[in-house]
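*Asks:* Predicted model and sequence follow; I will ask about them next.
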Amino acid sequence: MKTSDARKQRTLAAETWRRFRKNKLALAGMIVLITLVLIALSTIVIDLVTDNAIYNNYVIKQNLRLRLQGPSKAHLFGLDEFGRDVLMRMIWAVRYSLFMGTIAIALSTVVGVILGSIAGYYGKVTDNIIMRFMDVLLAIPSMLLATAIVAALGTSLTNVLIAIAISYVPTFARTVRASVLTIKDQEFIEAARAMGASDFRIIFKYILPNSMAPLIVQSTLGVAGAILSIAGLSFLGLGIQPPTPEWGSMLSSARSYIREGWHITVIPGLGIMITILALNVMGDGLRDALDPRLKN
């Protein structure tokens, strides 16, 4: 029986991958994302191996005599307003934007799954209390909510993560609640109740595994939104602080020099745009691949 179930799971995964790779745009987005992850991991390894020597000498070290130098063979993306290599700063900024966005969405997913599962499964008063609170949070734009939280808690990486995570909890809670409401009254759930399964077991073993498709898609799209929010907070001076490289803070510090050095604003902007676009098209591809109505 276990062998048959494993074969069925492999077949489902293979079918999902077959449909996903037909979408060339989504496949390109996945390749871009994998490349960014590898870049982020490589910078971490390099810092560990070199004891931050490359980071100190090429990422944050200033050379004011060459400030605002345009792209050249020696510096492919040029130098910024402090004479720092823009390419190196772009590369080192990947890990902050990508990993912080992923961690923030992971936190909001966990909290949203718990709240949405409880609200959808128990319903009635519990559902009303939880979802009305989610509605209050949804009434506030996520960027505005994150800005208010960071302004109240103070500027730090931890507070930025908390702010982004809280602002995305309602989205995941509503997504999970909708899936739970669809699944909880089906026959296999009734059979589990008849066999004496606890509510905890029913939710986490039977309901949530069947709710993963919309959750995966929402998480992928959520990371794109979180990266944009992190860049926005850094642009406003509430996120990652200089000299630490981050695309939003790079844009913020460069906006005063846009006439003297176009490259220091255009390149970080393109980095944000390409990353968000890659995540969005990959999320759309996953949604289509995981949708059973689109098998043909």
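*Replies:* Structure received. Since the model is a prediction, treat every value here as computed from it, not as a measurement. Numbering: from 1, shown residues only.
*Asks:* where in the protein is pLDDT low?
*Replies:* Within the chain, the ranges that satisfy pLDDT under 70 run 1-10, 12, 291-296.
*Asks:* Select the longest helix from it.
*Replies:* Counting residues, the longest helix found in the chain (DSSP state H) is helix 86-122.
*Asks:* Buried residues of stretch 27-41, list them for me.
*Replies:* 29-30, 32-33, 36, 39-40 (16 or more other Cβ atoms under 10 Å). Using the backbone N, CA and C atoms, a C-beta is placed for each residue, glycine as well.
*Asks:* tell me how far stretch 180-200 is from the chain's mean position?
*Replies:* 32 Å (Cα atoms, centre = their mean, to the nearest Å).
*Asks:* May I have it as PDB, with CA atoms only?
*Replies:* Backbone C-alpha positions of stretch 180-200 (Å, rounded to 0.1, in the frame of the first residue of the first chain) are rendered in PDB as follows:
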ATOM      1  CA  VAL A 180     -10.200  24.300   5.100                       C
ATOM      2  CA  LEU A 181     -13.900  25.300   4.500                       C
ATOM      3  CA  THR A 182     -13.800  23.400   1.200                       C
ATOM      4  CA  ILE A 183     -12.200  20.300   2.600                       C
ATOM      5  CA  LYS A 184     -13.500  19.800   6.200                       C
ATOM      6  CA  ASP A 185     -16.900  18.400   5.200                       C
ATOM      7  CA  GLN A 186     -15.700  15.900   2.700                       C
ATOM      8  CA  GLU A 187     -16.200  12.200   3.200                       C
ATOM      9  CA  PHE A 188     -12.600  11.200   4.100                       C
ATOM     10  CA  ILE A 189     -12.600  13.900   6.900                       C
ATOM     11  CA  GLU A 190     -15.900  12.400   8.200                       C
ATOM     12  CA  ALA A 191     -14.300   8.900   8.200                       C
ATOM     13  CA  ALA A 192     -11.300  10.200  10.200                       C
ATOM     14  CA  ARG A 193     -13.700  11.700  12.800                       C
ATOM     15  CA  ALA A 194     -15.600   8.400  12.900                       C
ATOM     16  CA  MET A 195     -12.300   6.600  13.600                       C
ATOM     17  CA  GLY A 196     -11.700   8.800  16.600                       C
ATOM     18  CA  ALA A 197      -9.000  11.100  15.100                       C
ATOM     19  CA  SER A 198      -8.300  14.200  17.100                       C
ATOM     20  CA  ASP A 199      -9.000  17.700  15.700                       C
ATOM     21  CA  PHE A 200      -5.200  18.300  15.600                       C
END
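*Asks:* buried ones in it?
*Replies:* Those would be 180, 183-184, 189, 192, for stretch 180-200 by 16+ other Cβ under 10 Å.
*Asks:* Also stretch 274-287?
*Replies:* Under 16+ other Cβ under 10 Å, the buried positions of stretch 274-287 are 275-276, 278-287.
*Asks:* tell me the SS of residue 61?
*Replies:* coil (DSSP: H, G, I helix; E, B strand; the rest coil).
*Asks:* My guess is it contacts residue 84. True?
*Replies:* Yes. Assessed by Cβ atoms under 8 Å, residue 61 is found in contact with residue 84 at 6.9 Å.
*Asks:* I'm done for today, thanks for sticking with me.
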